[in-house]
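>>> Task: produce atomic coordinates for the following.
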Amino acid sequence: MTKTALVVGTTGIIGSATAQLLVESGWTVAGLARKPTAQNGVVPIAADLLDTPSLSAAMADVRPSHVFIATWARQATEAKNIQVNSAMVRNLLDALRPAGTVRHVALVTGLKHYLGPFESYGKGRLPMTPFREDQGRLEIENFYYAQEDEVFAAAARDGFNWSIHRPHTIIGAAVGNAMNMGTTLAVYATICREIGRPFRFPGSAVQWNGLTDMTDARLLARHLLWASTTPKAANEAFNVVNGDIFRWNWMWGRIADWFGIEPDPFDGTVRPLEVQMAGDVGLWADIAKRRHLKESDLNRLASPWHTDADLGRPIEVVTDMSKSRRLGFTDYQSTDAAFFELFQTLRDDRLIP
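This next block holds a predicted model:
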């Protein structure tokens with residue numbers, strides 16, 4: 001088998017981890033992003049998925065056997081999310097069609113498949129947990145569904161296989177990423193330690209006390225590779241989580257211990273990070289200067305709005321992964337260890353002190 005991959009979104013948490021795994025596994029890898037950064041073994045391709053002429057030109061000499069789509073563009077409304085993000089997938093697959101080399105397309109979406117888009121996140125009538133792949137779609141517009149439909153249509157037209165991957169909240173390293181709980185919590189804990197601010201859980205009592213799970217980007221990358229190269233996993237949608245479950249009333253203390261701080265007792269009050277960190281841009285710049293950090297722009301490290309959405313949910317969220325287990329994917333990742341390894345990476349890279 002010719003192992004030639006195009007990873008779309010290589011500057012993000014998922015794309016960078018996937019590209020790294022593919023390179024380590026002996027693949028020829030091209031990485032597409034609007035502003036690609038250097039990554040060992042990855043051929044960078046600069047392209048805008050919404051600019052079809054330049055995208056076609058950028059794809060003219062690309063001959064991937066496998067395509068991994070791990071990018072999206074946040075818009076002000078879900079209607080606009082659908083318009084823009086479906087067009088990105090459609091434009092990409094149209095640009096690759098003339099070469100006729102694509103054998104598999106893997107699309108990363110997420111648990112908003114079950115929880116609904118940001119405009120109605122965790123509201124209304126939701127399927128029971130644990131979420132299972134056969135629960136289908138909600139009766140509501142969702143850009144994840146629109147992206148899936150573009151993949152399905154192109155696969156029917158061009159004859160390639162596909163896989164859909166639905167991770168929970170992802171733990172991984174990336175700067176400038178729109179959804180980044182791990183780095184957001186690392187920055188928040190650092191600020192609390194540096195100035196003596198209470199380390200307060202920002203979310204709901206349901207999340208504090210209920211069960212949940214998460215997804216390490218490295219495990220997700222292994223799942224993408226597995227599904228894309230395992231015949232019996234072709235043309236399937238999968239949930240992807242670490243394999244353990246926890247309660248935030250345990251994890252919050254674990255994170256506090258790593259940073260050498262005491263967690264503030266949770267009294268049931270929701271205290272969003274967007275509020276707690278609203279005036280911290282200048283404070284972080286001062287910390288970065290004093291501690292000789294590489295990134296002084298708080299907004300390139302932290303995404304409080306996204307962490308608030310996850311930690312403020314009114315329902316318990318646990319994800320079933322039985323389909324992958326039945327088909328042979330048995331990888332496991334401890335979630336607290338995933339956080340700790342990310343924090344150490346951020347420290348080693350001088351992104352936190």
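
>>> Which is the succeeding secondary structure element to the longest helix belonging to the chain?
Longest helix in the chain, counting residues (DSSP state H): helix 78-96. The helix or strand immediately downstream of helix 78-96 is strand 104-108, counting by DSSP states H and E.

>>> Can you pull out the residues in contact with that next one?
14, 65-70, 89, 93, 147-148, 151, 154-155, 160-165, 167, 220, 224, 227-229, 234 (C-beta atoms under 8 Å, 6 or more residues apart in numbering). Glycine gets a C-beta too; all of them are placed from N, C-alpha and C.

>>> Tell me which of these fall in helices.
14, 89, 93, 147-148, 151, 154-155, 220, 224, 227-229.

>>> ok, these vs residue 174, which is closest?
residue 14 (8.5 Å; C-beta to C-beta).

>>> any idea where the strands of this structure begin and end?
4-8, 28-33, 42-46, 66-69, 104-108, 161-167, 170-171, 211-212, 215-216, 236-240, 246-247 (DSSP state E).

>>> tell me the mean pLDDT over the fifth one?
Which is strand 104-108. In this model, strand 104-108 has an average pLDDT of 98.

>>> Parallel or antiparallel, list what pairs with that strand.
strand 66-69 (parallel), strand 161-167 (parallel) (DSSP bridges).

>>> Equivalent analysis for the third one, please.
In the sheet containing strand 42-46, its partner strands are strand 28-33 (parallel), by DSSP bridges.

>>> close enough to count as contact, residue 56 and residue 97?
No. The pair residue 56 / residue 97 is not scored as a contact, 10.1 Å apart, by C-beta atoms under 8 Å.

>>> Give me whichever of the strands paired with strand 104-108 is most buried.
The highest mean neighbour count among the strands paired with strand 104-108, using mean count of other C-beta atoms under 10 Å, belongs to strand 66-69: a mean of 28.

>>> Poorly predicted segments of the stretch 151-300 of the chain, please.
178 (pLDDT under 70).

>>> Find the nearest non-adjacent residue to residue 150, please.
residue 89 (4.2 Å; C-beta to C-beta, 6 or more residues apart in numbering).

>>> Tell me the spacing between the one you found and residue 108.
11 Å (C-beta to C-beta, to the nearest Å).

>>> Quick check: neighbours shared by these two?
residue 69.

>>> For burial, what's the neighbour tally of the closest residue to residue 336 other than its chain neighbours?
Closest residue to residue 336 apart from its sequence neighbours, by C-beta to C-beta, 6+ apart: residue 254 at 5.0 Å. Neighbour count for residue 254, taken as other C-beta atoms under 10 Å: 16.

>>> Residue 254 contacts residue 338, doesn't it?
No. If you go by C-beta under 8 Å, residue 254 and residue 338 don't touch, sitting 11.3 Å apart.

>>> related to what we said a few turns ago, in contact with the residue nearest to residue 150: list those residues for me.
Taking C-beta under 8 Å, 6+ apart, we find residue 89 in contact with 49, 69, 107, 147, 150-151.

>>> Go through stretch 115-129 and flag the buried ones.
115-118, 122, 126, 129 (16 or more other C-beta atoms under 10 Å).

>>> do the same with stretch 329-348
Neighbour-count burial for stretch 329-348 [16+ other C-beta under 10 Å]: 329, 333, 335-336, 338-339, 341-343, 345-346.

>>> Next: stretch 63-79.
Applying 16+ other C-beta under 10 Å to stretch 63-79 flags 64-73, 78 as buried.

>>> From these, pick the one nearest residue 295.
Looking across those and measuring by C-beta to C-beta, the closest to residue 295 is residue 71, at 21.0 Å.

>>> which residue sits closest to that closest one, ignoring its sequence neighbours?
Nearest non-adjacent residue to residue 71 (C-beta to C-beta, 6+ apart): residue 9, at 3.0 Å.

>>> now that neighbour: how far from residue 305?
For residue 9 relative to residue 305 (C-beta to C-beta), the value is 20 Å.

>>> ditto for residue 289
26 Å.

>>> likewise residue 208?
19 Å.

>>> which of the two has more neighbours?
Neighbours were counted for residue 208 and for residue 305 using other C-beta under 10 Å; residue 208 has more, 18 against 15.

>>> Looks like that one contacts residue 250 (just checking).
No. In this structure, residue 208 is not within contact of residue 250 by C-beta under 8 Å, at 9.9 Å.
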